[in-house]
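Visitor: Fold the following.
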Amino acid sequence: MASPTNGTAVELNPVLLPLSWLLGTWGSDEPGEGTYPSIKPFRYTEKLHFSHVGQPVINFMFNAFHAESNKPLHRECGFIRVQQGTNRVAFVIAQNSGLVEIEEGELTGNQLKLQTQSLGRISFAKEPHVQQICRVLQLRPDGKLEQTVSMATDNQSLTQHLHITYSRSC
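Guide: I've put the predicted structure just below:
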């Protein structure tokens, strides 16, 4: 169930039932690890929120913070769609860095594997430009959500960039 702005609970659209395990708010247990060849390794915390309003779409917002200073870092928001009658899933994502992307992939059980299908960016985006993102979201048997993100840029092949686990907070 979800509560749209008028306070009336709505039923989950049946096409989203295979992704119902994502719904709710998740927070990182321990700081996640961020690494990439061109940057200094860092630790971060993150909150994820997945919701719906009865449409065949999940709304999401990801908010990352520096683990020590709690300074806001990366932000992503968007929508998740499922191709009805299949295990095909698409994320439509806008990032605070000026990157907009479509990631597509497959849902197998409680694991989503996605990769970039399309990228757009603002004309003054920071270089090197992101060229590809691969994301794995998985609900583990212990009830924790795990996310691994790999990234390729203009001058770096696909390399793991982020890894973090979350617990559901509501």
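Visitor: C-alpha only now, for contacts and for neighbours.
Guide: Fine.
Visitor: What are the buried residues along stretch 19-27?
Guide: The neighbour-count check on stretch 19-27 (16 or more other CA atoms under 10 Å) flags 19-20, 22-27 as buried.
Visitor: Sitting in strands, which of those do you find?
Guide: Counted as lying in strands by DSSP state E, out of the buried residues of stretch 19-27, are 24-27.
Visitor: could you dump these to CSV with pLDDT and distance to residue 9?
Guide: CSV is the format used below for these (pLDDT from 0 to 100; distance: CA to CA, whole Å):
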residue, pLDDT, distance to residue 9
24, 97, 14
25, 98, 17
26, 98, 21
27, 98, 24
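Visitor: now, which of these sits nearest residue 139?
Guide: Among these, residue 26 lies closest to residue 139 (CA to CA), at 11.5 Å.
Visitor: List the beta-bridge partners for the residue positioned nearest the centre of the chain.
Guide: Taking CA atoms, centre = their mean as the criterion, residue 62 is the residue nearest the geometric centre of the chain, at 6.4 Å. Following DSSP bridges, residue 62 is listed with bridge partners residue 48, residue 76.
Visitor: who does residue 33 bridge with?
Guide: Residues in a beta bridge with residue 33, per DSSP bridges, are residue 43, residue 163.
Visitor: Against residue 158, how distant is it?
Guide: Distance of residue 33 to residue 158, given as CA to CA, to the nearest Å: 17 Å.
Visitor: same deal with residue 31?
Guide: Taking CA to CA as the measure, residue 31 falls 23 Å from residue 158.
Visitor: what's the answer for residue 55, then?
Guide: When residue 55 is compared with residue 158 (using CA to CA), they lie 34 Å apart.
Visitor: Report how many residues lie close to residue 133.
Guide: Here the number of neighbours of residue 133 (other CA atoms under 10 Å) works out to 22.
Visitor: which residues does it contact?
Guide: Residue 133 makes contacts with 103, 115-116, 149-152, 158, as judged by CA atoms under 8 Å, 6 or more residues apart in numbering.
Visitor: What ranges in the chain fall below the confidence cut-off?
Guide: 1-7 (pLDDT under 70).
Visitor: Give me the number of neighbouring residues for residue 76.
Guide: Residue 76 has 18 nearby residues by other CA under 10 Å.
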